[in-house]
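1. Have a look; sequence and predicted model below, questions after that.
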Amino acid sequence: MKTIMVCDAIHPKGFELLNAQKDIKVIDAVSVPKDELLTILPQADIAITRSSTDCGENFINAASNLKALVRAGVGVDNVDIEGCSKNGIIVMNVPTANTIAAVEMTMCHLLNSARKYVLCVNDLVINKTWKREKWYGNELYGKTLGIIGFGNIGSRVGIRALAFGMKVIAYDPYIEASKATELGVVYTENFDDILACDFITIHTPKNKETTNMIDKEEIAKMKDGVRLINVARGGLYNEDALYDALKSGKVAYAGIDVFVKEPGNTHPLLDLPNVSATPHLGANTYESQENIAIAAAEQAISAARGICYPNALNLPIKSEELPDWVEPFVELTSKMAYFAAQLNKRPIKSIKLETQGDINEYANSMLTFALVGALKNTFGDGINYVNAKFKAEENDIEFSTSTSAASGYKNKISVKIITDNDAISISGTLFNETDQRIVAINNFKTDFKPKGRMIVFKNKDVPGVISAISSILANEKINIADFRLGRDENGFALAVILVDQDISEKILNELNALDTCVWAKYAEL
C-alpha cells in the first residue's frame, strides 16, 4: 500500500477522492509545523504540496522514499526541480485547473486599468467624495491588446478581449500561428508589435527566458500611456523598471496580482496612485480550488499506482520535443498500455506502439511511456522512465514503433501487447486538444474516457446479453455509470461497462460463466 502525504491545505473534495482509494494510505499533514513535517516525510511515497511548503534541499533529503511530488497549482517556484530529479522524484504541477479563474482575474485587471474602478470606488466609499469629473476612463473598444504567451490562459483572454471589440495581437514562439489566427487574433513573430499595443498582458511561465522579459529597454519602446497587466508570475516585468515607468507616466496604469517576493504588502509599487494590486488571487475562486484539489489528488493516485505522471516537469525527455498539444498524448499512451496489460495478464512478449498523423514525429519519444505503463504490473516499482527499455531487453520483451498517415482521426495512438497466447490492442485519440478518449479495443469501435473502474466484456452478438450482465451486477448492488458497446462483422460485440464499485473475482466469474460470454475482464484507471 502506497502512502500519499498532503502537506498543504487543499479543498475537501481532494481529500474525499484520496480517502476513497482502498489501496492508498493518506496522511493529512496540513496542520503539521514545517519543521516537524521533515520528520514524517520518510513515510510518504507521494506528496501533495502548495506554495506554503519549501520543497528545497531539506525537504528532498528528508523525503527518502518519495517517488513523486504534486504541486497543487501552476507555479513551482518553491520546488527544487533539479534536486528532485537527482533524487529520482518526479515533479508534477496542475497547470489547467485554475485556467478560468486566472483568465477572469486578468479581465478584472484589464477593465480596471481602463476605468480605474477600484480607485473611484475607494474614493466614494472611504472618502465620501462624489466627483464624477475626476474619474474619466478609457474604453477597451477599438484598442489593441498585446498578449505575451498564448497558451491556455492567454488564448482565453484573447477570446474575451475580442468580445469587447479589441484588436488582439499574440506573441508566442512556441505555438503554431494558426492557433491564434483561427480565433481571429493577429499572430506576430516581432516582439516590437506587442510593445506598440495600448494594453499588454503577459501569460508565460517564469524561467530564464521570461524573467525580466519586460525591462527598461522594452518599456522605452512602448507608446506613452500604455497599460500593463500581470496575473502570471512575479518578475516577468522588471519591478524596478515598472516602478520608474509608472512614476514618470510612461506607463499610465498597471494591474498586478503577483510579485517577485511574496507577500508583497510592503512593495513600493503599492505607494503609486496608478497601480491596482491584488494579493495573488488569480486562482482564488471556489471552483478553481475544487478543480485543483481533485486534479492534484487524481495525479497523486496515478503516480502512486505507477500508471502515469500527468503534467510531469522532469521526465527524461527534452521539453522541446514535446509541444503542449503532445503532452496529453503522453498520459494517454501510459494509460492505454496499463489498461491493455490489465486485460491481458500473461507474460508479455512484445509491445508495439503505432501512431497516425502529426503525432508520428514523437513516436520514439513516447515509446518509453508505453513500456512503463505496460510493464508496471510485471515489475512494480522496479520499472521507471529511465530503465524501461533496459528492463524490457533484459527480459526478452520486444518493443517497436510504427507510423502511418492519418486515417479517421487527425492523430491516433495504438498500443498493442502480445503475450504468450494472446494479443490486445488499445487505440486512443484526443478530442478538443485535451479530452482523452479510447476509441477502439481489438478493432471494436468504442468511445470512452480512460478513467475509472471498467468491465470489458466480449460476447456473441445475440439478444439478452445486456440484460444478463445488468442482472448479475444488480444482484451484487453494483451501479452502472456508463455502458459503451461496439460490434464487428463476425457476430461478436464488445462492451465497456463503467461501474461505481470494485468488481470482485466472484462477479467476474459469474460474468464469464454466461453462455454468451467469450471473456470478461476488469481494469481500473
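-> Everything's here; your move.
2. List the contacts of stretch 72-83.
-> 8, 10, 14, 48-51, 53-57, 59-60, 69, 71, 91, 93-95, 98, 206, 233, 283, 292-293, 295-296, 313-314 (C-beta atoms under 8 Å, 6 or more residues apart in numbering). C-beta: built from backbone N, CA, C; applies to glycine.
3. taking those one by one, which sit in strands?
-> Taking DSSP state E, the ones among these that sit in strands are 48-49, 69, 71, 91, 93.
4. Now neighbour count, pLDDT and distance to Asp23 too, for the residues you listed, in a markdown table please.
-> Formatted as a markdown table, those follow (neighbours: other C-beta atoms under 10 Å; pLDDT from 0 to 100; distance: C-beta to C-beta, whole Å):
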| residue | neighbour count | pLDDT | distance to Asp23 |
| --- | --- | --- | --- |
| Ile48 | 30 | 98 | 17 |
| Thr49 | 25 | 96 | 22 |
| Leu69 | 29 | 96 | 20 |
| Arg71 | 29 | 95 | 24 |
| Val91 | 23 | 91 | 23 |
| Asn93 | 24 | 89 | 25 |
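5. related to what we said a few turns ago, weed out the non-buried ones from the contacts of stretch 72-83.
-> Neighbour counting by 16 or more other C-beta atoms under 10 Å classes 8, 10, 14, 48-51, 53, 55, 59-60, 69, 71, 91, 93-95, 98, 206, 233, 283, 292-293, 295-296, 313-314 among those as buried.
6. Can you pull the phi/psi pair for the residue lying closest to Ile219 once chain neighbours are set aside?
-> Of all residues not flanking Ile219 in the chain, Ala245 sits nearest, at 4.8 Å (C-beta to C-beta, 6 or more residues apart in numbering). Per-residue torsions, Ala245: phi -70, psi -40 (degrees, to the nearest 10).
7. ok, Ala245 touching Val251?
-> Yes - judged on C-beta atoms under 8 Å, Ala245 makes contact with Val251 at a distance of 4.2 Å.
8. How about exporting the biggest helix by length in the chain as PDB, limited to the C-alpha atoms?
-> The single longest helix within the chain, with elements called by DSSP state H, is helix 286-305. C-alpha atoms of helix 286-305 as PDB (Å, rounded to 0.1, in the frame of the first residue of the first chain):
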ATOM      1  CA  TYR A 286     -14.200  28.300  -5.100                       C
ATOM      2  CA  GLU A 287     -14.500  26.500  -8.400                       C
ATOM      3  CA  SER A 288     -10.800  26.500  -9.200                       C
ATOM      4  CA  GLN A 289      -9.700  25.400  -5.700                       C
ATOM      5  CA  GLU A 290     -12.000  22.400  -6.000                       C
ATOM      6  CA  ASN A 291     -10.700  21.700  -9.500                       C
ATOM      7  CA  ILE A 292      -7.100  22.000  -8.400                       C
ATOM      8  CA  ALA A 293      -7.600  19.700  -5.400                       C
ATOM      9  CA  ILE A 294      -9.400  17.000  -7.500                       C
ATOM     10  CA  ALA A 295      -6.700  17.200 -10.200                       C
ATOM     11  CA  ALA A 296      -3.900  17.000  -7.700                       C
ATOM     12  CA  ALA A 297      -5.500  14.000  -6.000                       C
ATOM     13  CA  GLU A 298      -6.000  12.200  -9.300                       C
ATOM     14  CA  GLN A 299      -2.400  12.800 -10.300                       C
ATOM     15  CA  ALA A 300      -1.100  11.600  -6.900                       C
ATOM     16  CA  ILE A 301      -3.200   8.500  -7.200                       C
ATOM     17  CA  SER A 302      -2.000   7.700 -10.700                       C
ATOM     18  CA  ALA A 303       1.600   8.300  -9.600                       C
ATOM     19  CA  ALA A 304       1.100   6.100  -6.500                       C
ATOM     20  CA  ARG A 305      -0.100   3.300  -8.700                       C
END
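9. Good, wrapping up.
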